[in-house]
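# Sequence plus predicted model, see below.
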Amino acid sequence: MPYGYDPAKKGQDKSFYYPDKKVLTKLEEAIVKIREDQQPVRKVAGWLENETNRKLSATRLHKLAWTKEELDARREKREANLNKEQKKVKRLKNTVKQTSIKAEQAKRRLKKATAKSSDIEQETFEFPNDTVAPEQEVAFEPNKGPQTEFLAAGEREVFYGGARGGGKTYSLLIAPLRFAHKSAHRALLLRRSMPELRDVIFQTQQIYPKAFKGAKFKAQENTWHFPSGARIEFGYCENLQDALRYQGQSYTWIGVDELPQYGNADIWHFLRSSLRTVDTSIPLQMRATGNPGNIGSAWVKKMFIDPAPHGKRFVEEVRFTANGQEIVSGISRKFIAASVWDNPYLTQDHSYVSMLGSLPEAKRQQFLYGNWDVVEDGAFPEFDKDIHTVETFKVPSGWTKIRSCDFGYSSHSAVLWGAIDYDDVLWIYRELYVNKLTADKLAWAILDAEEPDGRIYDAVLDSSCWAKRGDVGPSIAEAMNKEGCRFRPSDRSPGSRVAGKIEMHKRLQLDEDTEEPKLIIMDSCRNLISQLPALPLDKRNPEDVDTKSEDHLYDALRYMVMSRPMNKTTAWENIPKQRWKPSDNMFGY
């Protein structure tokens, strides 16, 4: 049937085909794009299929766009520029191509003839050694477990990370092939530098042609082109300036290998703006892989790992106003934990596992066990989530409750609530971590949060909040105290930061008698649990934490432990009391 024509409908002459004017109009536009605009035929074929929902191969479209005489003239012009040896090579390539086509046709005829023959005993036909039957070849089969879960995940954003050797990068190369049979599929896979990208491209050259016959890689574009018209582009992105190259592009799938190598989430958020498509049958997806121990491990952990257990879907609520209407949406995410034991090819003789086990303790925890809580040169290496955190419970009424705060507006304000039991153990039972709140609004938020707590015996605020810095209005502390959220200033004397860090070490260490720490955090304080083990040391002053890191909750906790907290009930019981004595012991008066 000619392209752009339909068979006769009921009541029409069955010997004729009838033209579809809309399709033929689009075909004429496609020919103009090829002949006059000099656009690539494969790109135009994909556009035509999207416009008409009718498939037309690039080869057939090429023949429709040019007459036979024009094609012959172009062929003669190309051959005129070839020397004798080049012409010979071209003839041999054509011979190989034609032979392959005839061999495939013969295989199909043999299969049909064998199926129809019922009198002849079925025989197994062996193909030549250099030819493999397409239906018998398995190009890729995922390992059972996390690798299969990653490739089958339907969430918008998925991070596959943890120990080294789990097959994460290879999974990221396979993932965009899932929709390569659709012409509107556009994928982008990024690495941080060009040398890393070359290794990734080399691996795709081993698998992509096997998965899709006819897939071709164009080195100048660093792009794979598939017979359907789909494309998978490979690029590098070292900083936000490099990410601007992808501004205005449309992708249905975006992948980033070794995401924690980026210091913050700016590039991830920027790439998200290029995730769009007009084909609703293709889901929009962002995928990433990585190992702990890189510069961006903290923000990756906060975005993907802390909100939910690995393998469990969670949704980040997105709320905004557009055209005067409030819109509430969400971004579905999932973290899939990787382990070297998921890869049977690397654990056959334990040589690779032994190599990872020989690394220093911090690297061994990160690369062998995939531990995101361990930081090399971390400020508090004794912090252990299994020891220093517990499930949230209701604080007993007899425990003394206190509060501390580190104020920030553009940066975050960190507020912590603690309770001291009768053994002088400090339990952190609530946190408030917000930004863009003025002092009065933060005071309201604090009072609302602690309404069921009853009496707060002590409250400490960063002493710099009392400074007016040359203005005549109320200070931050005055504004909060005025709302009824009262604080006293923290200690900011010389050496107070180092002294506070030492006090933190004392409380994190296990008591020799009870074998329990003096500081325990409830699991509802997710931000504090995430930030505390990730705090790095100051390279210029190893006795203090790096103040350039995210240390707001740590500062609030330091103010609390330095406020000399103790249980008021225990303190009252330890005070010597004056007992009433009768003047006459016989009569009792």
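Looks like it came in fine.

# What count of nearby residues applies to residue 93?
Residue 93 has 10 neighbours, counted by other C-beta atoms under 10 Å. Every residue, glycine included, has its C-beta placed from N, CA and C.

# which SSE is it in?
Using DSSP states H and E, the element containing residue 93 is helix 84-116.

# ok, now residue 460?
Going by DSSP H and E, residue 460 is part of strand 458-461.

# Can you give me every residue that contacts the residue nearest to residue 535 when sequence neighbours are not counted?
Excluding its sequence neighbours, the residue lying closest to residue 535 (C-beta to C-beta, 6 or more residues apart in numbering) is residue 379, at 4.2 Å. Neighbour list for residue 379: 501, 535, 536, 537, 545, 546 [criterion: C-beta atoms under 8 Å, 6 or more residues apart in numbering].

# The same query, at a cut-off of 6 Å, please.
535, 537, 545 (C-beta atoms under 6 Å, 6 or more residues apart in numbering).

# Of these - the most surrounded one?
In the contacts of residue 379, the most neighbours by other C-beta under 10 Å go to residue 545, 24 neighbours.

# Dihedrals phi and psi, the residue nearest to residue 247 when sequence neighbours are not counted?
Using C-beta to C-beta, 6+ apart and skipping the chain neighbours, the partner closest in space to residue 247 is residue 274 (7.2 Å). Here is the backbone geometry of residue 274 (degrees, to the nearest 10): phi -100, psi 10.

# Please look at residue 274 and residue 249 and confirm they touch.
Yes - with contacts defined as C-beta atoms under 6 Å, residue 274 counts as touching residue 249 at a distance of 5.2 Å.

# Which residues are in contact with each of the two?
The contact sets of residue 274 and residue 249 do not overlap (C-beta under 6 Å, 6+ apart).

# hmm, back to that, going along the chain from the helix holding residue 93, find the next helix or strand for me.
Note on helix 84-116: by DSSP H and E, the next helix or strand toward the C-terminus is helix 146-152.

# So which bits of the following helix or strand past that following helix are buried?
For helix 146-152, the succeeding helix or strand toward the C-terminus, using DSSP H and E, is strand 157-162. Of the residues in strand 157-162, 157, 158, 159, 160, 161, 162 count as buried by neighbour count, 16 or more other C-beta atoms under 10 Å.

# Spatially nearest residue to the second one (excluding sequence neighbours)?
In other words, residue 158. residue 334 (5.0 Å).

# Wait, a strand at the one you found?
Yes - counting by DSSP: H, G, I helix; E, B strand; the rest coil, residue 334 falls inside a strand.

# Please determine how far it is located from residue 399.
For residue 334, the distance to residue 399 equals 38 Å [C-beta to C-beta, to the nearest Å].

# ok so, going back, can you tell me the average pLDDT over the strand holding residue 460?
Averaged across strand 458-461, pLDDT comes to 94.

# With stretch 64-73 instead?
Stretch 64-73 comes out at a mean pLDDT of 83.

# contacting residues around residue 425?
residue 518.

# Does the nearest residue to residue 168 once chain neighbours are set aside lie in a helix or a strand, and which?
Using C-beta to C-beta, 6+ apart and skipping residues adjacent in sequence, the residue nearest residue 168 is residue 289, 3.9 Å away. Using DSSP H and E, residue 289 sits in strand 285-290.

# Next one: the spatially closest residue to residue 211 that is not a sequence neighbour, what pLDDT does it get?
Counting by C-beta to C-beta, 6+ apart, residue 211 lies nearest to residue 139, which is 4.6 Å off, once chain neighbours are set aside. pLDDT for residue 139: 72.

# number of nearby residues for residue 139?
13.

# where's the one residue sitting closest to the centre of the chain relative to residue 294, distance?
The chain has residue 159 as the residue nearest its centroid, 4.0 Å off, counting by C-alpha atoms, centre = their mean. According to C-beta to C-beta, residue 159 and residue 294 sit 13 Å apart.

# so residue 315, which of the three states?
strand.

# how close does it sit to residue 308?
From residue 315 across to residue 308, the span is 10 Å (C-beta to C-beta).

# what do you get for residue 510?
When residue 510 is compared with residue 308 (using C-beta to C-beta), they lie 30 Å apart.

# where does the stretch 151-300 of the chain have low pLDDT?
Applying pLDDT under 70 to the stretch 151-300 of the chain flags no residue at all.

# now the end-to-end length of stretch 369-387.
Terminal residues of stretch 369-387 are spaced 18 Å apart (C-alpha to C-alpha, to the nearest Å).

# Distance from that stretch to the middle of the chain?
Centre-to-centre, stretch 369-387 and its host chain are 21 Å apart (C-alpha atoms, centre = their mean, to the nearest Å).

# Now do it, average pLDDT.
On average, stretch 369-387 scores 81.

# Mind listing what's buried along that stretch?
369, 370, 371, 372, 373, 374, 375, 378, 379, 380, 381, 383.

# Surely the fifth one and residue 533 touch.
Yes - here residue 373 lies in contact with residue 533, judged by C-beta under 6 Å, at a distance of 4.6 Å.

# any common contacting residues for these two?
With C-beta under 6 Å, 6+ apart, residue 373 and residue 533 have no common neighbours.

# Mind jotting down where the strands sit in the stretch 251-400 of the chain?
Remark: strands assigned in the stretch 251-400 of the chain by DSSP state E, counting those that start in this stretch are 253-256, 285-290, 314-322, 325-338, 389-390, 400-406.

# If I average pLDDT within each of those, which one is lowest?
What stands lowest among the strands of the stretch 251-400 of the chain, in mean pLDDT terms, is strand 314-322, with a mean of 86.

# who does that one touch, helix- and strand-wise?
Secondary-structure packing of strand 314-322 (3 or more C-beta pairs under 6 Å, 6 or more residues apart in numbering; DSSP states H and E): strand 325-338.

# and the strand it packs on, how far from the chain's centre?
Here strand 325-338 is found 11 Å from its chain centre; the criterion is C-alpha atoms, centre = their mean.

# Ok, stretch 478-488 next?
41 Å.

# Show me the contact partners of that stretch.
Residues outside stretch 478-488 that contact it (C-beta under 6 Å, 6+ apart): 439, 440, 443, 446, 447, 459, 461.

# count of neighbours near the closest residue to the last one other than its chain neighbours?
Computed as C-beta to C-beta, 6+ apart, the closest residue to residue 461 that is not its neighbour in sequence is residue 487, at 3.6 Å. Residue 487 has 24 neighbouring residues, counting by other C-beta under 10 Å.

# now swap in residue 327 and tell me
10.

# Same check on residue 528?
21.

# what's the following helix or strand after the helix or strand it falls within?
Residue 528 belongs to helix 526-531 when elements are defined using DSSP H and E. For helix 526-531, the following helix or strand on the C-terminal side (DSSP H and E) is helix 552-561.

# In this structure residue 276 contacts residue 250, no?
Yes - counting by C-beta under 6 Å, residue 250 is a contact partner of residue 276 at 5.1 Å.

# Find the nearest non-adjacent residue to residue 315, please.
Per C-beta to C-beta, 6+ apart, closest to residue 315 is residue 330, 4.2 Å.

# Which residue ranges of the stretch 351-500 of the chain form helices?
351-357, 361-367, 385-388, 439-449, 476-482, 496-508 (DSSP state H, counting those that start in this stretch).
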